[in-house]
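Visitor: pasting the sequence and the predicted model now:
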Amino acid sequence: MSFFTGTTKLSNTSAIPAGEDGHKVTKEAAVALLQNHDFFLKAEPHLVSYRALPPNKPANNDGDTVAVREAYSLPADLEPLGHPKVNLYEVVDHVPNPVWSSSVVSTEEFVDLRDGLWVRIHSPLAVVMETRWTVRERGKGEGEGEEGLELVEDVEISCSKLLLSIVKGQVENNWRGIHDNIIKKLLEDAKNEGK
């Protein structure tokens, strides 16, 4: 990391309530929804389009977790599931800004995990965001309401110090909308499954 690069970490948590009709969202259903990449990408309010990219590293095709971790410089604690272990997407987002708005084309790496999803976003101007999305149990007295599940988003942003506050502001402005879209779909699915 250079002198001009800065990093920051954010953590956002939302309770996953039981449905109005009493139907509860299961952890398995919540994790499965996070791993539905089509839905997950569309949960982003600023999405314009996306397309899947072919695996760009041979290690991704052979299923060897250690080789995949090395090839993609994944954090050591990630245990990728599925095949391929890393799914790649080219994503176009419309990024609103008070001074200028623009379409931003990013490459995103998705890694399914036992308890959620890990995403690395490579955007122009050397902006890199790594986000771990997890679903965990919430006990009494932890956060909002009673026992249940919660959606946790842990973000690490790395970019030029000149851009850091702008990128951090975008994450802070968008997380509630993304969480709301995910939770709304979880509640719809739980209600439909209970019928």
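Guide: Sure, I can see it. Numbers count the residues shown, from 1 in each chain.
Visitor: C-alpha from now on. contacts and neighbour counts both.
Guide: Will do.
Visitor: the lowest-mean-pLDDT helix or strand in the chain: what's the following helix or strand?
Guide: Every helix and strand of the chain was ranked by mean pLDDT, DSSP states H and E. The lowest is helix 59-62, at a mean of 64. Following helix 59-62 in sequence order, the next helix or strand is helix 65-71 (DSSP states H and E).
Visitor: so what touches that next one?
Guide: Helix 65-71 is touched from outside by 57, 59-60, 74-76, 79-80, 85-86, with contacts defined as Cα atoms under 8 Å, 6 or more residues apart in numbering.
Visitor: also stretch 124-144?
Guide: Residues contacting stretch 124-144 (Cα under 8 Å, 6+ apart): 15, 27, 30-31, 34, 104-106, 115-122, 146-160.
Visitor: sort out for me which of the residues you listed are in helices.
Guide: Counting by DSSP state H, these place 27, 30-31, 34 in helices.
Visitor: farthest-apart pair in those, please.
Guide: Spanning the widest gap among the ones in helices among the contacts of stretch 124-144 are 27 and 34, at 10.7 Å by Cα to Cα.
Visitor: looking at these two, which one has more neighbours?
Guide: residue 34 (24 against 20; other Cα atoms under 10 Å).
Visitor: need the ones in helices among the contacts of stretch 124-144 in JSON lines with distance to residue 94 and pLDDT, can you?
Guide: Formatted as JSON lines, the ones in helices among the contacts of stretch 124-144 follow (distance: Cα to Cα, whole Å; pLDDT from 0 to 100):
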{"residue": "27", "distance to residue 94": "32", "pLDDT": "93"}
{"residue": "30", "distance to residue 94": "27", "pLDDT": "94"}
{"residue": "31", "distance to residue 94": "27", "pLDDT": "95"}
{"residue": "34", "distance to residue 94": "22", "pLDDT": "95"}
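Visitor: give me the low-pLDDT residue ranges for the chain?
Guide: Across the chain, the ranges flagged by pLDDT under 70 are 1-2, 58-63, 97-101, 139-146, 194-195.
Visitor: by neighbour count, which of the contacts of helix 65-71 wins?
Guide: residue 86 (27 neighbours).
Visitor: how many neighbouring residues does the nearest residue to residue 39 once chain neighbours are set aside have?
Guide: Nearest residue to residue 39, sequence neighbours excluded (Cα to Cα, 6 or more residues apart in numbering): residue 33, at 7.4 Å. When neighbours are defined as other Cα under 10 Å, residue 33 has 20 of them.
Visitor: who's in contact with residue 33?
Guide: Counting by Cα under 8 Å, 6+ apart, residue 33 touches 39-40, 182, 186.
Visitor: out of the ones in helices among the contacts of stretch 124-144, flag the one nearest to residue 191.
Guide: The closest of the ones in helices among the contacts of stretch 124-144, once distances to residue 191 are taken by Cα to Cα, is residue 30, at 13.4 Å.
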